[in-house]
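Q: Following is a predicted model, sequence given first.
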Amino acid sequence: IAQHAPAMASKRPRTAKRDDEPAAAGGKRKAPTSSKQGKSASQRARLEQQQQQPDDDPLAQLQAKRPDLAAAWRKAKKKLFLSWENIGDETGVLVARLFASDTKISQALVFNNKFGDKTGKAFAEALKTNTKLQHLYLRNNPLGDDAGKALAEALKINKT
């Protein structure tokens, strides 16, 4: 087997390169020297736009902290599934703030995370203005009494 190893190595299939990564000599990929190098014009424009968004934009903040959650928000039509995502209070507040400004989601499944009082109160504030959300699944989150009270008060205002 050892005497055939060099011959076998030359018969290995070449690794396919990704479309967005140019191959260097010898089939190896070059690492970009700057964050903008190797990106298309639209990718660079999107990156610059994200960097210029104000700090009060919860989606931009969520993109910076958890791009996977921001992508899920953007893809969601009527139903948002963010359960079992290990989302803590700080990120949970950003998710809740999205519901205050966006009304496309009618069902949010955000159970089994680590939402505490801050997230519960943020959802309560969002519920006061959001009239589209009809189902909010918060079970198995350590919300606490204050969050429960805030949510109950918000539901007195929002009847949807």
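A: It's in.

Q: Is Ala76 in contact with Ile105, as I believe?
A: Yes - contact criterion C-beta atoms under 8 Å: Ala76 and Ile105 qualify, at 5.9 Å. Glycine gets a C-beta too; all of them are placed from N, C-alpha and C.

Q: And those two? Which one has more around it.
A: More crowded of Ala76 and Ile105, by other C-beta atoms under 10 Å: Ile105, with 20 against 16.

Q: which SSE is Leu94 in?
A: helix 89-101 (DSSP states H and E).

Q: and that helix, what other elements does it pack with?
A: Contacts defined by 3 or more C-beta pairs under 8 Å, 6 or more residues apart in numbering; DSSP states H and E place helix 89-101 against helix 58-65, helix 67-75, helix 117-129.

Q: how does it look with 6 Å?
A: Applying 3 or more C-beta pairs under 6 Å, 6 or more residues apart in numbering; DSSP states H and E, we find helix 89-101 packed against helix 58-65, helix 117-129.

Q: now what about the longest one, what contacts it?
A: Residues from elsewhere that reach helix 117-129, judged by C-beta atoms under 6 Å, 6 or more residues apart in numbering: 89, 92-93, 96, 99-100, 143-144, 146-147, 150-151, 154, 157-158.

Q: and that helix, which residues are buried?
A: Asp117, Lys118, Thr119, Gly120, Lys121, Ala122, Phe123, Ala124, Glu125, Ala126, Leu127 (16 or more other C-beta atoms under 10 Å).

Q: do stretch 145-152 as well
A: Going by neighbour count (16+ other C-beta under 10 Å), the buried part of stretch 145-152 is Ala147, Ala150, Leu151.
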